[in-house]
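K.L.:
what shape does this take:
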Amino acid sequence: MERLFLKESKSTPFVDFDADKGMLLIKGQSYPEDAFLFYKPLLDWLKEYLAGKVGQEVLIEVTLTYSNTSSSKCIMMILDLLEEAADHNVKVKLKWICNVQNEYEQECAEEFKEDYTFPFEIVLV
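P.N.:
Okay, here's the model as predicted:
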């Protein structure tokens, strides 16, 4: 599967979905004008990728300093796909990295974590 790599912009995060390494990274801020348009290729890639990962480990690292409401909805869609994969024996592990001085980041991560059962670690740096 081809790697999905998107450079960070002022309003969109850096994305590096590397199928060969089994590592998915999302880092930066997310407030694009049309979040669903931005996240659709990520969701499509992730659906295809997770379909063949039963019994395998998938590592996700998220560092979002800010996300608007529509981006948060898209992040939830990504997390829903991960939850579904975990329910089908994909070994999903998520690490959400937050700045210890940014309460917004921490609250956001905590709110997401509440809804999911796969391993979801919040790391304060």
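K.L.:
CA only for contacts and neighbour counts going forward, please
P.N.:
Will do.
K.L.:
what ranges do the strands span in this protein?
P.N.:
4-6, 14-18, 23-30, 57-67, 91-98, 120-124 (DSSP state E).
K.L.:
how many neighbours does the closest residue to Ser70 other than its chain neighbours have?
P.N.:
Leaving aside its sequence neighbours, Ser70 sits nearest to Ala35 (CA to CA, 6 or more residues apart in numbering; 5.8 Å). The tally of other residues near Ala35 (other CA atoms under 10 Å) stands at 21.
K.L.:
would you mark the buried spots in stretch 75-83?
P.N.:
Within stretch 75-83, the residues scored as buried using 16 or more other CA atoms under 10 Å are Ile75, Ile78, Leu79, Leu81, Leu82, Glu83.
K.L.:
which one of the strands of the chain lies nearest to Lys113?
P.N.:
strand 120-124 (6.4 Å; CA to CA).
K.L.:
next, the angle strand 57-67 makes with the closest one.
P.N.:
50 degrees (axes from the mean of the first three to the mean of the last three CA atoms, to 10 degrees).
K.L.:
pairing partners for strand 120-124, with directions?
P.N.:
strand 91-98 (parallel) (DSSP bridges).
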